[in-house]
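[1] Take this sequence and fold it.
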Amino acid sequence: MPEFRDSDGVTWRVRRAQWPLLGAIDMASWGSSTFGVVMFLLALPLLVAWPIWLLAKLCGVPWKVVTERDGDEVAREKVKGWRASGRRIQEIVAEKKAAAVGDDVGFELRETTGTELGDR
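    Below you'll find the predicted structure:
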């Protein structure tokens, strides 16, 4: 998954959204205590549904491409197909990198004192 920093030090990450509630399956490995058994029983339906989800994705259900800025989601797009979603991820990364380079050109404008607006 592409992750990079722009000229302002902001971390961007672009990825496909994975299967929802995947964290619930991780909780199923919390040991053999009563809590671990309960968590496993709650995660069991998700384990059974996973092959159905995968088959749906292979049959054309769109992937969600998520763009995050410093860990906060800023955009989500649906793209049909694994390869098409990979191309879209690369396009978004290129757009964000180009915008970061473009910001360097206007850096002096952001650092003005603000008195220029009063001249009008």
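[2] So what touches the host helix or strand of Ser85?
    According to DSSP states H and E, Ser85 maps onto helix 82-105. Residues outside helix 82-105 that contact it (Cβ atoms under 8 Å, 6 or more residues apart in numbering): 1-2, 4, 6-8, 12, 14-16, 57, 62-63, 65, 67, 75, 77, 79. C-betas here are computed from N, CA, C, even on glycine.
[3] do the same with stretch 4-15
    By Cβ under 8 Å, 6+ apart, the surrounding residues in contact with stretch 4-15 are 1-3, 65-71, 89, 92-93, 96-97, 99-101, 103-104.
[4] For the protein, which segments are assigned as strands?
    Using DSSP state E, the strands of the chain run over 3-5, 11-16, 63-69, 72-79.
[5] Serialize the ones you listed to CSV and add fields for mean pLDDT, mean neighbour count and distance to Thr34.
    Below are the strands of the chain laid out as CSV (pLDDT from 0 to 100; neighbours: other Cβ atoms under 10 Å; distance: least, Cβ to Cβ, whole Å):
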stretch, mean pLDDT, mean neighbour count, distance to Thr34
strand 3-5, 83, 12, 39
strand 11-16, 91, 17, 35
strand 63-69, 91, 18, 36
strand 72-79, 92, 12, 35
